[in-house]
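Asker: below: sequence and its predicted model.
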Amino acid sequence: MSEFLRDYLTVVWFAAIALLLAGLLLGIAALLRPHKPSVEKNTAYESGVNPVGDGWSQSQVRYYIFALLFVVFDVEAVFMFPWATQLERYAGFGLVEMGVFVFVLLLGLVYAWRKGVLRWV
């Protein structure tokens with residue numbers, strides 16, 4: 001067996017031991033924990049207010065997409081900060097690359113706007 005494959009075999013052994021140990025500990029915890037279900041324990045808790053009606057409610061996917069778009073554009077703004085601090089070092093090439101980057105972001109924003117995702121209803 002080559003040295004390269006032997007290194008990967010070590011990683012596989014460690015992963016197998018970690019999975020075995022995690023499964024063993026979870027199994028022991030499941031056996032030792034107290035299990036006394038009751039109606040009050042299974043009732044949904046809402047900040048001290050007694051629950052009214054069913055706990056299941058369906059929400060629209062639009063809110064999740066809106067939140068996901070916020071996260072995407074927020075993370076992309078973080079990528080602009082290092083570029084702005086080193087603007088002199090990157091010169092014209094960096095300016096063109098950031099222009100392409102911002103253009104792709106604007107294309108995504110226009111696409112989301114035309115699809116009506118940004119309309120908060």
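Answerer: Thanks, I have it.
Asker: run the chain-centre distance for the worst-scoring helix or strand of the chain on mean pLDDT.
Answerer: None of the helices or strands of the chain scores lower by mean pLDDT, DSSP states H and E than helix 39-42, at a mean of 80. Chain-centre distance of helix 39-42: 31 Å, with Cα atoms, centre = their mean, to the nearest Å.
Asker: kindly report the same for stretch 87-98.
Answerer: Mean-position distance between stretch 87-98 and its chain equals 31 Å (Cα atoms, centre = their mean).
Asker: okay, buried residues for it please.
Answerer: When burial is assessed from 16 or more other Cβ atoms under 10 Å, stretch 87-98 yields the following buried residues: residue 98. Placement of C-beta: from N, CA and C, glycine included.
Asker: next, the residues that contact it from outside, please.
Answerer: 80, 83, 86 (Cβ atoms under 8 Å, 6 or more residues apart in numbering).
Asker: show me where the protein has helices.
Answerer: 3-32, 39-42, 61-85, 87-115 (DSSP state H).
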